[in-house]
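Participant: just the structure for this:
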Amino acid sequence: MNSKTLDITFDTLQQKPVRLTLPNIKLNIDKELAVAQAENLVKLNILTTPALQVTHAKTAQLIDKTITILF
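Facilitator: Numbering: from 1, shown residues only. Sure thing, here's the model as predicted:
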């Protein structure tokens, strides 16, 4: 069984990272798609709170994990 997780870290004005983890990714994701969607999240202020103002995406990684069920 394969499982992919997309993990994106954003920078904030307060210098505190905000991490967004999306499990069970079924689509093929490349760098361009990840960058475009992370920029959309920043523009829409979805991750911004009164205490943290997200400024831009800092890193993104796609974690591909294989799980073998033995019994």
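
Participant: strand partners of the top strand by length along the chain, parallel vs antiparallel please.
Facilitator: Counting residues, the longest strand in the chain under DSSP state E turns out to be strand 54-66. In the sheet, strand 54-66 lines up against strand 2-12 (antiparallel) (DSSP bridges).

Participant: list the buried residues of the strand it pairs with.
Facilitator: For strand 2-12, burial by neighbour count (16 or more other CB atoms under 10 Å) applies to 4, 6, 8, 10-12. In this view, the C-beta of every residue, glycine as well, is placed from N, C-alpha and C.

Participant: equivalent analysis for stretch 40-58, please.
Facilitator: Using 16+ other CB under 10 Å as the test for burial, stretch 40-58 gives 41-42, 47-48, 52, 54, 57.

Participant: show only the entries of those residues found in strands.
Facilitator: Going by DSSP E, the strands hold 54, 57 from the buried residues of stretch 40-58.

Participant: distance to Ile25 and pLDDT for the buried residues of stretch 40-58 - can I get that in TSV?
Facilitator: Shown next, in TSV, are the buried residues of stretch 40-58 (distance: CB to CB, whole Å; pLDDT from 0 to 100):
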residue	distance to Ile25	pLDDT
Leu41	15	95
Val42	20	96
Leu47	18	93
Thr48	24	92
Leu52	25	93
Val54	21	96
Ala57	16	96
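
Participant: spatially central residue for this protein, please.
Facilitator: Ile8 (2.6 Å; CA atoms, centre = their mean).

Participant: show me what contacts that residue?
Facilitator: By CB atoms under 8 Å, 6 or more residues apart in numbering, the contact list for Ile8 reads 19-22, 34, 38, 41, 57, 59-60.

Participant: run through the bridge partners of it.
Facilitator: Where Ile8 sits in a bridge, its partners, by DSSP bridges, are Leu20, Ala60.

Participant: quick one: it from Val35, how far?
Facilitator: 10 Å (CB to CB, to the nearest Å).

Participant: which residues do these two both contact?
Facilitator: Common neighbours of Ile8 and Val35 (CB under 8 Å, 6+ apart) are 57, 60.
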